[in-house]
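In: I would like the atomic coordinates for the input below:
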Amino acid sequence: HPGIEVILTLEKHGVPFTGATSKCYEPTRKEMKDACTKHGIATPNFVFAKTEKDVEKAIKMLKFPLFVKHHNSYASVDISRASKVMSPAGLRRQAKKIISKHGAALIEEYIDGLECTVLIAETPGKPKEPTTYTPVQYEFPEGESFKHSDMKFVDYGGLKTFPVPDKKLAKQLREECAKFFIAMNAESFARCDIRVDKDGTPYILEINMNCGVYFEPEAYGSADFCIDLNPEGHVGFTQKLVDAAFARHKSKIL
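Out: Alright, predicted model coming up:
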């Protein structure tokens, strides 16, 4: 997608456009964690690590298993089966790899349970009342328990998606993700990824602004599955984005 310079130029000239605005374009992992903390939204306990000392801090503070991520990633960059670590030795090894490659790592407690995703779109004329689409739950192939880059882009045929069957959980996911969308000052559309623990508590992992969408049916992305469960489909989703862009533009003129 276009760089922030394009977005800033469109905003400078007062042109309506769809997609993320400069308010929340490529939010950092720290901004996401801060928003969750400030607004009382559950998110996995974490440590940002740049040094060996930080990694040792994570070993003392957090409960294993742990998950090691790029400190500010998108598109599952460097998320692999090795990202989930079960021991201090495993953490030191994986954290060293990510820190040496990217300068820092986000170390989180791994939430054992379900993985779900929710698509959110700005409601035209009602920026504080975003529209949430039917939450989708993943069923992983045997031997897998989380989404990683190979599963997203190589072996996606084994990944199954379906509407979250638990109605109470689906409602909770929609509410938490709408709350997070607002907390992040997000506009236009985004997709939130969530892990749900064995007790049914949802933990926000991240918000994906300008998430992938409009893939071919045989290679649908997560957002496409969410849209497909809505009677308005992709046409209705697109119209909503356009209407929201014009409504946002109009509110700034008035």
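
In: now the strands for this protein?
Out: Shown for the chain, the strands assigned by DSSP state E span residues 46-49, 66-70, 84-85, 105-109, 113-123, 126-132, 136-139, 160-163, 189-197, 202-209.

In: which one of those strands lies closest to residue 33?
Out: Taking CB to CB, strand 46-49 is the member of these nearest to residue 33, at 6.3 Å. In short, each C-beta sits where N, CA and C put it, glycine included.

In: where in the chain is pLDDT low?
Out: Along the chain, the parts satisfying pLDDT under 70 run over 1-2, 73-77, 143-157, 254.

In: for the strands of the chain, give me a markdown table that also has distance to residue 96 and mean neighbour count.
Out: A markdown table is the format used below for the strands of the chain (distance: least, CB to CB, whole Å; neighbours: other CB atoms under 10 Å):
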| stretch | distance to residue 96 | mean neighbour count |
| --- | --- | --- |
| strand 46-49 | 10 | 20 |
| strand 66-70 | 10 | 23 |
| strand 84-85 | 11 | 20 |
| strand 105-109 | 9 | 25 |
| strand 113-123 | 27 | 23 |
| strand 126-132 | 39 | 16 |
| strand 136-139 | 29 | 19 |
| strand 160-163 | 34 | 14 |
| strand 189-197 | 25 | 24 |
| strand 202-209 | 23 | 22 |
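
In: redo those as JSON lines? Include distance to residue 20.
Out: Shown next, in JSON lines, are the strands of the chain (distance: least, CB to CB, whole Å):
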{"stretch": "strand 46-49", "distance to residue 20": "23"}
{"stretch": "strand 66-70", "distance to residue 20": "19"}
{"stretch": "strand 84-85", "distance to residue 20": "29"}
{"stretch": "strand 105-109", "distance to residue 20": "21"}
{"stretch": "strand 113-123", "distance to residue 20": "10"}
{"stretch": "strand 126-132", "distance to residue 20": "13"}
{"stretch": "strand 136-139", "distance to residue 20": "21"}
{"stretch": "strand 160-163", "distance to residue 20": "24"}
{"stretch": "strand 189-197", "distance to residue 20": "7"}
{"stretch": "strand 202-209", "distance to residue 20": "4"}
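
In: and the ones you listed: which comes nearest residue 237?
Out: Among the strands of the chain, the nearest to residue 237 by CB to CB is strand 113-123 (6.6 Å).

In: the closest one pairs with which strands, parallel or anti?
Out: Strand pairing for strand 113-123, determined by DSSP bridges: strand 126-132 (antiparallel), strand 136-139 (antiparallel), strand 189-197 (antiparallel).

In: could you check the angle the last one makes with strand 66-70?
Out: What separates the directions of strand 189-197 and strand 66-70 is an angle of 160 degrees, with axes from the mean of the first three to the mean of the last three CA atoms, to 10 degrees.

In: tilt between strand 189-197 and strand 105-109?
Out: Going by the same axes, to 10 degrees, strand 189-197 is angled at 50 degrees with respect to strand 105-109.

In: list the contacts of stretch 84-103.
Out: With CB atoms under 8 Å, 6 or more residues apart in numbering as the test, stretch 84-103 has contacts from 49-52, 55, 58-59, 64-71, 78, 82-83, 104-105, 107, 110, 145-146.
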